[in-house]
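Novice: have a look; sequence and predicted model below, questions after that.
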Amino acid sequence: MSETLPDLKKESAAATPDVVLGFGNAAGFAMLQRAASLLANSTLVPEAYRKWIKDKDNKYGPLVENEAAISNCVIALNMAQRLEADPIMIMQNLYVVEGRPSWSSQFIIAALNTTGRFSPLRFQISEPVKKTVQVTTVDWVNKQKQVKKENIEIQDRTCIAWAIEKETGERLESPPISIEMAAKEGWLTKKGSKWQTMPDLMLRYRAATLFGRLYAPEKLMGLQTEEENRDVYELEPANGGYSLPEATPSDHTADILKRAAQGQDDHSQDAATAATNVQKKPRATAAMREGAAKAVVDAGLDLAAIEKDLGVYSKDWSHTQCEQAKKMAADALAAAGVVPDPEGEPAPAGEHPTTQEGGSEESFECPNNGAMVRLSVECAACDQMGQCPMTDGQE
């Protein structure tokens with residue numbers, strides 16, 4: 001008697017093994033990439049996992065493709081599988097601090113509480129005691145790291161994370177964490193440190209992290225916490241905030257040109273226009289940065305103060321920041337009744353510097369910013385050269 005169609009379907013289903021996500025076989029790896037692609041196209045995952053993100057160099061321009069999105073999602077899925085956790089939970093609690101993946105402390109506490117090996121994590125905190133401790137502070141003056149020691153008064157408290165191991169009934173404790181330790185390690189005195197505003201919470205977070213690192217290291221997978229990375233690594237002023245020295249953000253010009261050639265519409269801005277704008281935007285050179293810094297010093301301004309206002313050291317200034325620094329210098333000279341000379345020497349107001357040909361060149365008011373400029377100096381360095389009505393047709 002021949003087999004019926006339902007019987008054949010049952011046999012086929014029984015003969016086909018379940019595909020397991022992972023790197024072990026081709027089918028599992030293909031399924032892993034499909035799942036990663038689905039997550040990368042979601043707007044509910046953090047930016048590191050999204051396929052389309054804002055351009056760091058032009059946050060009001062069109063979205064750009066995040067080439068690492070699929071790879072990041074694959075890694076998150078793999079970590080979720082190893083921890084037997086939900087992938088979305090892993091993504092929401094895995095932070096990237098200066099390129100270093102880090103767990104949130106809340107995730108570590110939750111992971112420890114759900115292992116089934118311990119009772120819920122608890123914390124033992126001592127009463128505050130007034131102490132005077134010596135701390136080391138770090139500041140940046142004229143691009144130089146300044147380290148100094150000083151005595152400060154603190155309300156010292158000690159915290160221990162503890163839990164009962166269910167198998168043995170033994171009380172397990174973390175190493176003690178104290179405000180004094182945070183002060184001596186430099187965590188307390190760092191700019192923007194949460195130890196200054198939420199010391200009790202930070203004590204618990206750090207104690208929980210040490211408990212997990214001692215008694216359940218498989219849950220941390222060798223990663224530090226977000227709070228540890230922010231406390232440990234010394235940050236430098238950059239882009240209005242603080243960060244570790246890093247490579248220049250990737251240039252998206254090729255990608256914009258490619259989309260422009262294909263005639264694709266880039267959201268609110270036409271791709272061809274965006275590509276033209278990126279090509280015309282000048283890039284700062286070392287000589288331009290040195291010239292802008294020299295202009296600031298020659299104008300009698302404090303270079304460190306200007307760097308602080310712009311949020312970046314002069315050695316890292318962009319073209320726009322160089323122009324801003326030069327404008328500050330020009331404004332300072334104008335306020336003092338001095339007109340800057342092209343060769344760098346200030347000339348008294350009313351006396352126009354000479355050009356390379358030896359002739360006199362008059363300055364005029366810039367229609368964009370109102371500053372007094374000259375065609376061979378400020379206009380030559382302006383990104384509007386050739387479009388400005390005062391320099392129409394000149395390149």
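Specialist: Ah, there it is.
Novice: got the phi and psi for the closest residue to residue 336 other than its chain neighbours?
Specialist: In space, residue 336 comes closest to residue 300 once its chain neighbours are excluded; the distance is 7.7 Å by C-beta to C-beta, 6 or more residues apart in numbering. C-beta here means a position set from N, CA and C on the backbone, and glycine is covered the same way. Residue 300 adopts backbone torsions of phi 80, psi 10, taken as degrees, to the nearest 10.
Novice: what segments of the stretch 151-300 of the chain are helices?
Specialist: 179-185, 194-197, 199-215, 217-220, 226-232, 253-261, 271-280, 286-298 (DSSP state H, counting those that start in this stretch).
Novice: flag the shaky bits of the stretch 101-250 of the chain, pLDDT-wise.
Specialist: Applying pLDDT under 70 to the stretch 101-250 of the chain flags residues 143, 233-250.
Novice: so which residues of it form strands?
Specialist: 122-125, 129-141, 144-156, 158-164, 171-173, 177-178, 236-238, 241-243 (DSSP state E, counting those that start in this stretch).
Novice: which of the ones you listed is buried the deepest?
Specialist: Of all the strands of the stretch 101-250 of the chain, strand 177-178 has the most neighbours on average by mean count of other C-beta atoms under 10 Å, namely a mean of 22.
Novice: sorry, back to before: figure out which of the helices of the stretch 151-300 of the chain is closest to residue 78.
Specialist: Minimum separation from residue 78 across these (C-beta to C-beta) falls at helix 217-220, 14.5 Å.
Novice: report the mean per-residue pLDDT for stretch 289-297.
Specialist: Stretch 289-297 comes out with an average pLDDT of 86.
Novice: for that stretch, which positions count as buried?
Specialist: Across stretch 289-297, burial judged by 16 or more other C-beta atoms under 10 Å covers 289, 291, 292, 293, 295, 296.
Novice: domain parsing for the protein?
Specialist: As assigned by automatic domain parsing, the chain contains the domains 17-97, 122-242, 251-281, 286-391.
Novice: related to what we said a few turns ago, could the helices of the stretch 151-300 of the chain be laid out in TSV, adding distance to residue 75?
Specialist: Putting those into TSV (distance: least, C-beta to C-beta, whole Å) gives the following:
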stretch	distance to residue 75
helix 179-185	30
helix 194-197	28
helix 199-215	21
helix 217-220	16
helix 226-232	17
helix 253-261	23
helix 271-280	31
helix 286-298	37
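Novice: the residue nearest to residue 336 reaches residue 332, doesn't it?
Specialist: Yes. Contact status for residue 300 versus residue 332: in contact at 6.5 Å, counting by C-beta atoms under 8 Å.
Novice: between the two, tell me which one has more neighbours.
Specialist: The neighbour count for residue 300 versus residue 332, taken as other C-beta atoms under 10 Å, is higher for residue 332 (17 against 12).
Novice: tell me which element the more buried one falls in.
Specialist: Take DSSP states H and E as the rule and residue 332 turns out to sit in helix 319-335.
Novice: what's the angle from that helix to helix 286-298?
Specialist: Here helix 319-335 runs at 30 degrees with respect to helix 286-298, directions being taken by axes from the mean of the first three to the mean of the last three C-alpha atoms, to 10 degrees.
Novice: and helix 319-335, what does it pack against?
Specialist: Packed against helix 319-335, as judged by 3 or more C-beta pairs under 8 Å, 6 or more residues apart in numbering; DSSP states H and E, are the following elements: helix 286-298, helix 303-310, strand 338-340.
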